[in-house]
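Asker: Sequence first, predicted model second:
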Amino acid sequence: MSKFADIQIDPAIVKRAARGDVRAHEIIYRAFSAPVYSLCLRFTRVPAQAEDLVQETFIEIMRSIAKFRGEAALGSWIRRIAVSKALMYLRSAWTARGQSLGDDWHEVTPGDVGSHGVPSQPDDALDLDAALANLPATGRAVVWLHDVEGFTHKEIAVLMGRTESFSKSQLSRAYQRLRPMLSLPEDDVRSGSAALRGC
């Protein structure tokens, strides 16, 4: 899981926020706005859209915090809301473009890696973040949710309204696309994506 798990908020602050205390809302916002923005930016790749999603996420948090029972960490709850908002954004963007969550990949081969903004030299191609940015939105979302946020394929399937096999196949295809971009064996792509967990 990303930085959400590292943030600790006093339960008294959460209770105050549930009662509508504006100062408590501000404390929660200040604590979680950066990781929420980072997560949303990974999905949208557009800062203005990520900022809009941060606002939508925190509106939902403040509306719903009275229902938060504390069975899981506050960060886990906030992360799930942020992911849900980001996925709703992606779904609406796909709908607007007449696309679906189905397989919408363009083949990337080592010969045309440079045309996708990723250097073709192995030493220059280790920027996994840039490589992820070159994946289609579906693959990028699945890689991020699975490898960085730690969601299971079952959880991803529920979030996306798809099957577990859809999540698994999207992850496999994303690894296949990342490998030539990074000039690495597939096992190294999986372990390299783990490096993003600290983001």
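Answerer: Arrived safely, thanks for sending.
Asker: give me the low-pLDDT residue ranges for the chain?
Answerer: 1-2, 93-129, 183-199 (pLDDT under 70).
Asker: again, only this time at 90
Answerer: By pLDDT under 90, the low-scoring segments of the chain are 1-6, 41-46, 69-73, 84, 86-151, 155-162, 167, 171, 174-199.
Asker: domain ranges for it?
Answerer: Structural domains assigned to the chain are 3-96, 110-198, following automatic domain parsing.
Asker: how about a markdown table for those, with mean neighbour count added?
Answerer: (Glycine included, C-beta is placed from N, CA and C.) As requested, these are exported to a markdown table (neighbours: other Cβ atoms under 10 Å):
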| stretch | mean neighbour count |
| --- | --- |
| domain 3-96 | 16 |
| domain 110-198 | 17 |
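Asker: Pull the distance from stretch 134-148 to the chain's centre.
Answerer: Computed by Cα atoms, centre = their mean, to the nearest Å, the chain-centroid distance of stretch 134-148 equals 7 Å.
Asker: Equivalent analysis for stretch 79-88, please.
Answerer: Counting by Cα atoms, centre = their mean, stretch 79-88 comes out at 8 Å from the chain centroid.
Asker: again with stretch 155-164
Answerer: 14 Å.
Asker: Identify the residues contacting that stretch?
Answerer: Outside stretch 155-164, the residues that touch it by Cβ atoms under 8 Å, 6 or more residues apart in numbering are 83-84, 87, 101, 141-142, 145-146, 151, 153-154, 166-167.
Asker: quick check, nearest of these to Ala24?
Answerer: Among the contacts of stretch 155-164, Ser84 lies closest to Ala24 (Cβ to Cβ), at 22.6 Å.
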